[in-house]
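Engineer: Sharing a sequence plus its predicted fold:
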Amino acid sequence: HATMIRFILLQNRQGKTRLAKYYVPLDDDEKRTIEHDIHRLVVNRDPKHTNFVEFRNYKVVYRRYAGLFFSLCVDLNDNELVHLESIHLFVEMLDHFFANVCELDLVFNFQKVYLLVDEFILAGEVQDTSKKAIMERLAELERVKD
C-alpha cells in the first residue's frame, strides 16, 4: 500500500503559513481551519513528546527546523519514520538549493520552493528520494529558465 500525504505545511512560530500544498480537495475555509489547528497542535507540543500526533482521522508528522515547522498529514497506519526522513530530505534539499535556507528564502522564492516540492512529492506520494537526482533536475530547470 503506497503512503498518501494529504498535505504539507511549512509554518513559522507565529503561525504564518509559508508553504501549503494540498493533495486532497478542500475548500479555502477548511484549509484555513486546518492551518490554524495544525499550528496550535505543533507549536504548543512538548518537545519531549514524539514528532507525530493524531489529527482528526489522520496523523501529523512534523519537525521543527530553526523557527519553521514542517508538517505532513498522513494516514494513521503510515510509517512515521519514513515521513520524518522525507521532511529531513526536503530540508536538506532546500538548504542545498538556497545555500543555507532561511524563512525569507521561502517568502521571496516561493515558486522555487513549490517547484522543489513538485519534484519530490507528486499527487501525495514521494516520487524520488535521491537528493542528487532532484537537485540535478532543478539545476537543469534553472539553466533552461535563464
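Structural biologist: Thanks, I have the structure now.

Engineer: okay, CA-based contacts and neighbour counts for the rest of this
Structural biologist: Will do.

Engineer: Worst mean pLDDT across the helices and strands of this protein, which element?
Structural biologist: helix 131-145 (a mean of 79; mean pLDDT, DSSP states H and E).

Engineer: Now do the buried residues in it.
Structural biologist: I134, M135, L138 (16 or more other CA atoms under 10 Å).

Engineer: I figured the first one was touching V117, is that so?
Structural biologist: So the one you mean is I134. No. Between I134 and V117 there is no contact under CA atoms under 8 Å: 10.1 Å.

Engineer: Tally up the residues packed near L9, please.
Structural biologist: Applying other CA atoms under 10 Å, we find 22 residues neighbouring L9.

Engineer: can you pull out the helices in the protein?
Structural biologist: With helices called from DSSP state H, the chain shows them at 28-43, 80-98, 103-108, 110-120, 131-145.

Engineer: Mind putting those into JSON lines with distance to L72?
Structural biologist: Listed next are those as JSON lines, based on distance: least, CA to CA, whole Å:
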{"stretch": "helix 28-43", "distance to L72": "10"}
{"stretch": "helix 80-98", "distance to L72": "7"}
{"stretch": "helix 103-108", "distance to L72": "17"}
{"stretch": "helix 110-120", "distance to L72": "12"}
{"stretch": "helix 131-145", "distance to L72": "19"}
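
Engineer: looking at those helices, which is closest to F69?
Structural biologist: Among the helices of the chain, helix 28-43 comes nearest to F69, with 7.7 Å by CA to CA.

Engineer: Keeping just the C-alphas, turn the closest one into PDB.
Structural biologist: C-alpha atoms of helix 28-43 as PDB (Å, rounded to 0.1, in the frame of the first residue of the first chain):
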ATOM      1  CA  ASP A  28     -10.400  27.600   1.400                       C
ATOM      2  CA  ASP A  29     -12.200  27.800   4.700                       C
ATOM      3  CA  GLU A  30     -11.300  24.300   5.600                       C
ATOM      4  CA  LYS A  31      -7.600  24.900   4.600                       C
ATOM      5  CA  ARG A  32      -7.500  28.000   6.900                       C
ATOM      6  CA  THR A  33      -9.000  26.000   9.700                       C
ATOM      7  CA  ILE A  34      -6.500  23.100   9.200                       C
ATOM      8  CA  GLU A  35      -3.500  25.500   9.100                       C
ATOM      9  CA  HIS A  36      -4.700  27.200  12.300                       C
ATOM     10  CA  ASP A  37      -5.300  23.900  14.000                       C
ATOM     11  CA  ILE A  38      -2.000  22.300  12.900                       C
ATOM     12  CA  HIS A  39      -0.100  25.300  14.100                       C
ATOM     13  CA  ARG A  40      -1.700  25.200  17.500                       C
ATOM     14  CA  LEU A  41      -1.000  21.500  17.700                       C
ATOM     15  CA  VAL A  42       2.700  21.500  16.900                       C
ATOM     16  CA  VAL A  43       3.800  24.800  18.300                       C
END
